[in-house]
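Chemist: Quick one, fold the following:
(one chain, ligands or ions: 1)
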Amino acid sequence: MRALIKAAEWTLGAETGEGAPSGIYSAECITCGAQAQPTDNERLPVEVWALKHTGLNPTHRQFKATAETFWRVTPADGNPYAEQDNAQGAIQGA
Ligand SMILES: [Zn+2]
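Modeler: Model prediction:
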């Protein structure tokens, strides 16, 4: 997605910096509030947790599942900040 804001173009994309997960997954039992251990990048362990939780508590069958993702906005070509970033050689943490 690109947007023109105050005559400068910006681009929105996924945060791909070192250490940034593509997603953090978790789930909470609606019945008792028990929470799965959140996991980076993989939702399978959370799904397995929900199945085991229902297996141990057969009346607990509804979960609130969450997936957090991270974005970064960067200056597009022609945006004065892009030239500034290029002049510095690397984007400094903001
Ligand atoms: Zn439960």
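Chemist: domain ranges for the chain?
Modeler: Following automatic domain parsing, one gets these domains for the chain: 1-20+71-94, 21-69.
Chemist: give me every residue that touches the most centrally placed residue in the chain.
Modeler: A centroid search over the chain (Cα atoms, centre = their mean) returns T69, at 1.1 Å, as the residue closest to the centre. In this structure, T69 makes contact with A14, S22, G23, judged by Cβ atoms under 8 Å, 6 or more residues apart in numbering. In short, each C-beta sits where N, CA and C put it, glycine included.
Chemist: need the contact list for the second one.
Modeler: What it means is S22. Contacts for S22 (Cβ under 8 Å, 6+ apart) come out as A14, N41, T69.
Chemist: can you give me the strands in the protein?
Modeler: In the chain, strands defined by DSSP state E lie at 2-5, 8-14, 24-29, 39-40, 63-68, 71-75, listed in chain order.
Chemist: Please go through the contacts of T69 and note which also touch the ion.
Modeler: Counting by Cβ under 5 Å from the ion, the subset of the contacts of T69 that neighbours the ion is empty.
Chemist: hmm, back to that, weakest of the domains of the chain by average pLDDT?
Modeler: Here the lowest mean pLDDT among those goes to domain 1-20+71-94, at a mean of 79.
Chemist: does any bit of the longest helix anywhere in the chain sit next to the ion?
Modeler: Criterion DSSP state H: the longest helix present in the chain is helix 44-56. No - counting by Cβ under 5 Å from the ion, the ion is not contacted by helix 44-56; separation bottoms out at 5.6 Å.
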